[in-house]
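Asker: Just the structure for this:
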Amino acid sequence: MKNRIVPYESKSTSVTPINVQNSGGSLAQRTYAAAELDAFRDQLRAALAKQAMDNTAVLSLAEEHFIRLAPTGKAEYRLIVETYARKALAEIVGGDW
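Answerer: Now for the predicted structure:
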C-alpha cells in the first residue's frame, strides 16, 4: 500500500473574532461571544496541527527516498525531519521543546 497524504479540508466558519472586553451587551451575549472566540481559536490550533502533521509526513517520505539515493546522509535527513517536527510542535503548544 502506497503512503498517501490527504490535504486538510477546513470547515468554513462564520465566526468573526471580536473584542470581548469592549463588546458591551448582556452577560449572556458576552459569554456567547467568548465561547465563539474559544471555538475559533481551537479550530485554528487544529488546522495548524493537521498541517504540521501533513508536512512532517511528506518530509518523512522524502527522507526515505533520499536515504535510498544517498544512504550516507541518513542521520542528516532524520535531523531535518525531527527539527521541523519539533519547531512545528513548539508553534502549536507555544513553547520551546
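
Asker: Stretch 64-79: which residues count as buried?
Answerer: Within stretch 64-79, the residues that count as buried by 16 or more other Cβ atoms under 10 Å are residue 77. Quick note: C-beta positions are derived from backbone N, CA and C, even for glycine.

Asker: ugh, wrong one, I meant stretch 51-61
Answerer: Buried, per 16+ other Cβ under 10 Å, within stretch 51-61: 52, 56, 59-60.

Asker: Just put these in CSV and tack on secondary structure, pLDDT and distance to residue 35.
Answerer: Listed next are those as CSV, based on DSSP: H, G, I helix; E, B strand; the rest coil; pLDDT from 0 to 100; distance: Cβ to Cβ, whole Å:
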residue, secondary structure, pLDDT, distance to residue 35
52, helix, 95, 26
56, helix, 97, 32
59, helix, 97, 36
60, helix, 97, 37
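
Asker: from those, which single one is nearest residue 79?
Answerer: residue 59 (11.2 Å; Cβ to Cβ).

Asker: if we can go back for a sec, could you dump the buried residues of stretch 51-61 to CSV with distance to residue 77?
Answerer: Below are these laid out as CSV (distance: Cβ to Cβ, whole Å):
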residue, distance to residue 77
52, 18
56, 13
59, 9
60, 9
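
Asker: helix/strand/coil for residue 25?
Answerer: coil (DSSP: H, G, I helix; E, B strand; the rest coil).
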